[in-house]
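K.L.:
could you work out the structure for the sequence below:
(2 chains)
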Amino acid sequence: MNNLCKIKNNNSISLNSIPVYKYSDFFSKVVDLMGDDNKHIVNYFAIPDKNIFRFIALIADDSNSDIIILSHILEENDKKELAALTPKINALHIFEREIFENYGINFIGHPWLKPVRFPKNRYNKELQINDYPFYKINSSELHEVGVGPIHAGIIEPGHFRFICNGEDVLHLEIQLGWQHRGIEKLMLEKKQLLQRTILSESIAGDTSVGHSLAFAQVMETLAQIEVSEQLKIERSLALELERIAIHVGDISALCTDVAYNLGANIFGILRTGIINFTQSWCGNRLGKSMIRVGGINLPFTEKLKISLLDTIAKFEFQFLELAHHTYRLPSVENRFDNIGTVSENQIRKIGAVGMAARMANVKRDIRQSHPFAGFFKYPIEPVVLPKGDVFSRFLLRRKEIKSSIAWIKNMFEKENFDTPSEKPKTSISLMPQMFAVSLTEGWRGEICHCAVTDQNGEICFYKIKDPSMHNWKALELSLRNLEISDFPINNKSYNLSYCGFDL
Amino acid sequence: MLEEIKIMIHNGKQFIPDVRTSKVSETFRGRPVITNAVVDEQKLVELCPTSAISSHPLSIDLKKCIFCGECAFRFPEKIKFTNDYKLSSNNPDNLIIKEGQTGPIMFDPSIVRNEIKKIFKSSLKLRQVCAGGDNSAEYELNASGNANFDMGRFGIEFVASPRHADGILVTGPISENMAEALEIAYKATPEPKLFILCGVDAISGGIFADSKALNRNFLKKVKVDLYIPGNPPHPLNIINGLLNFIN
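P.N.:
The predicted model follows:
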């Protein structure tokens, strides 16, 4: 196992130096590696080159910051089928499905080889989004409830299919793909650096900073740009502001769902203060145009620091006061406690990341395990909770807000922003025939961007993974044996991304 | 109870009293102004990631602009984004900002259909359909109804069923996978109805305009009653845009 190919986060490696295994060796290596609780699957995809497919699996080792890269190839004349890894390593289910959907490669023994998102360039174009093969139970006792794609409320589209026994949900299956905009393809078609940066901001608008940071870091490693320590810290600051804002908004939304109006209103107002600060920094409430490759257009300043400290002081006082009250209200606690529980074992099996892992006793946080940007200089200790229910997801947000505020305050004590950070690069040249990977920890969890360059240094493959790719399964599992009326609080408690998944 | 009253007192009054005159931060990128300074126009045109800038005469099309501000960062003497958030109009021609133009973006009441004027003058219930949106315009639509912006006080609300709605508001560039669902929702809305495009993605496709995964054919069949530019549109932009239909 010592001769494995490993890289660190935000690094690149020559594509030719990634060892290619026979599929049987690849298979057993993945199974061996994944037997270790410190490791989790980051990504598994195929890079098409005419009729040859180069498969890449990325496994993160949380104990030593390594990212292990394993590879195998399907040659032109090889039969387009492979033994599925999913029955042994469940966490790969969605990735094998994705490869199957994109390129028609059959994974024999996969229990659930269904479409993922009906992308424009899918292998089987006959199959339309309305033809999704839902799981069925033939029983006159049970009924099905279908919801979506359009939901009641201002929310993204997705289809939820429940199989119920009376009010109880036996099974939930979530069909996505409605939001598919072809981002990975556009990443290759749009040639301007700025166009690509803007695409990365639009993968999931609620995680603009998280995704655009991963994009910028991939480009910087491929172009061998080392950004200043101060810029790295500013980027981490932007990421933590995004986390605080969305978390407090989600707390407000959860209060709405249990009809606690004071919480719904005031937590919502508290979010406004944070995103208005982000607007005063970069001109956009959601942090769009904040992250640029190699620099920043509107650097953080001492003046902004004073303003942010003031914003945070007001926020913190009101947030703590209201949270102290809300989190022990019996009417709130009753609705969240022991509802939608997923076990640590389930979370490990499905390979959930980020918040969805940490709320069920699985410590996965890229900020600590594979540090990036300002988290080298100012480390952060992840919050982990044991129970895995809606209340844990509700509580995790409160604790993570406190932890992010503490991180910002501590950093502000030591940093000054008298000299502005560097300006962004307008054009860059990338090293040829390289493979680059960047991981960031957005508020939902681990974001992964990978890029491959051709012999001219042009990007010839770009792969995006939103944490929702792993985590939608957790929502499905949460619903088992719950009343169907508990769906909204469960859905809200995860707040997973539709567009980040659909790409 | 006492504790809750204390929390309310500490929180104070947070609503924006006048959504028409409220000021936002100076850095906010709203309505752009193009000066008469002489610059290399070709460079400026090529710079724009969504081809929103045209030359002869130099203009910015807010139907395409994603407000990244790159033109203003690189040519500060030529282009400046003001913090005027009122960007909505029912006339697409008013959304093209020309060199030297400094006035506000106008809504044209004369082209609003009579039945719309009559029926929707005191309240507006809309059904939002997200068709490939990135959840940023959706986020700001939700914010428009929160306690700060409180769109509900004007009788404007988002409803669950298209059957209860006075119109459809679309966010997102209209992905092919959502095209049919959008059309069904539109048809399910009773006449007379409004049709609103909210955010640059919905109006022109934005950065996704060239994607083959979109299907915008539906837009050829309907008349657009309001364009709300922005990426995403600010809540004050959304509210002021919608208020044009209400007395």
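
K.L.:
quick one: residues contacting residue 123.
P.N.:
Looking at chain A here, since you left the chain open. Listed by Cβ atoms under 8 Å, 6 or more residues apart in numbering or on different chains, the contact set of A:Tyr123 reads A:Phe100, A:Glu101, A:Asn102, A:Tyr103, A:Gly104. To be clear about C-beta, it is placed using only N, CA and C from the backbone, and glycine gets the same treatment.

K.L.:
oops, I was thinking of chain B
P.N.:
B:Ser123 makes contact with B:Gly155, B:Ile156, B:Glu157, B:Ile246, according to Cβ under 8 Å, 6+ apart.

K.L.:
could you redo the last one with a cut-off of 10 Å?
P.N.:
B:Phe154, B:Gly155, B:Ile156, B:Glu157, B:Asp166, B:Phe245, B:Ile246 (Cβ atoms under 10 Å, 6 or more residues apart in numbering or on different chains).

K.L.:
look up how far B:Asn148 lies from it.
P.N.:
Between B:Ser123 and B:Asn148 the computed distance is 21 Å (Cβ to Cβ, to the nearest Å).

K.L.:
picking up where we left off before, filter the contacts of B:Ser123 down to the ones in strands?
P.N.:
The members of the contacts of B:Ser123 that map onto strands under DSSP state E are B:Ile156, B:Glu157.

K.L.:
of the contacts of B:Ser123, which is the most crowded?
P.N.:
When neighbours are counted by other Cβ atoms under 10 Å in any protein chain shown, B:Phe245 leads those with 24 neighbours.

K.L.:
could you find the closest non-adjacent residue to that residue?
P.N.:
B:Phe120 (5.2 Å; Cβ to Cβ, 6 or more residues apart in numbering or on different chains).

K.L.:
who touches the one you found in this structure?
P.N.:
B:Phe120 neighbours (Cβ under 10 Å, 6+ apart): B:Val112, B:Gly155, B:Ile156, B:Asp166, B:Gly167, B:Pro192, B:Lys193, B:Leu194, B:Leu242, B:Phe245, B:Ile246, B:Asn247.

K.L.:
how about 7 Å then?
P.N.:
B:Asp166, B:Phe245, B:Ile246 (Cβ atoms under 7 Å, 6 or more residues apart in numbering or on different chains).

K.L.:
contacts only, for the spatially closest residue to A:Val452 that is not a sequence neighbour.
P.N.:
Ranked by Cβ to Cβ, 6+ apart and with sequence neighbours excluded, the top spatial neighbour of A:Val452 is A:Phe461, at 4.0 Å. Contacts for A:Phe461 (Cβ under 7 Å, 6+ apart) come out as A:Ile47, A:Ala451, A:Val452.

K.L.:
8 Å - rerun?
P.N.:
A:Ile47, A:Leu188, A:Cys450, A:Ala451, A:Val452.

K.L.:
give me the residues contacting the top helix by length along chain B.
P.N.:
The single longest helix within chain B, with elements called by DSSP state H, is helix B:176-188. The contact list for helix B:176-188 (Cβ under 8 Å, 6+ apart) reads A:118, A:120, A:129-130, A:149-150, A:157, A:177-180, A:502, B:127, B:129-132, B:161-163, B:168, B:170, B:172, B:174, B:193, B:195, B:213-218, B:222.

K.L.:
just the buried ones from the residues you listed, in ChimeraX syntax?
P.N.:
A single ChimeraX command selects the buried members of the contacts of helix B:176-188 (16 or more other Cβ atoms under 10 Å in any protein chain shown):
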select /A:118,120,129,149,150,157,177,178,179,180,502 /B:127,129,130,131,132,162,168,170,172,174,193,195,213,214,215,216,218
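
K.L.:
the contacts of helix B:176-188 in helices, which ones?
P.N.:
Per DSSP H, the subset of the contacts of helix B:176-188 in helices is A:Asp502, B:Phe218.

K.L.:
relative to B:Cys71, how far out is the closest residue to chain A within chain B?
P.N.:
At 2.7 Å from chain A, B:Ser136 is the closest residue in chain B, using Cβ to the nearest Cβ. Going from B:Ser136 to B:Cys71 by Cβ to Cβ gives 21 Å.
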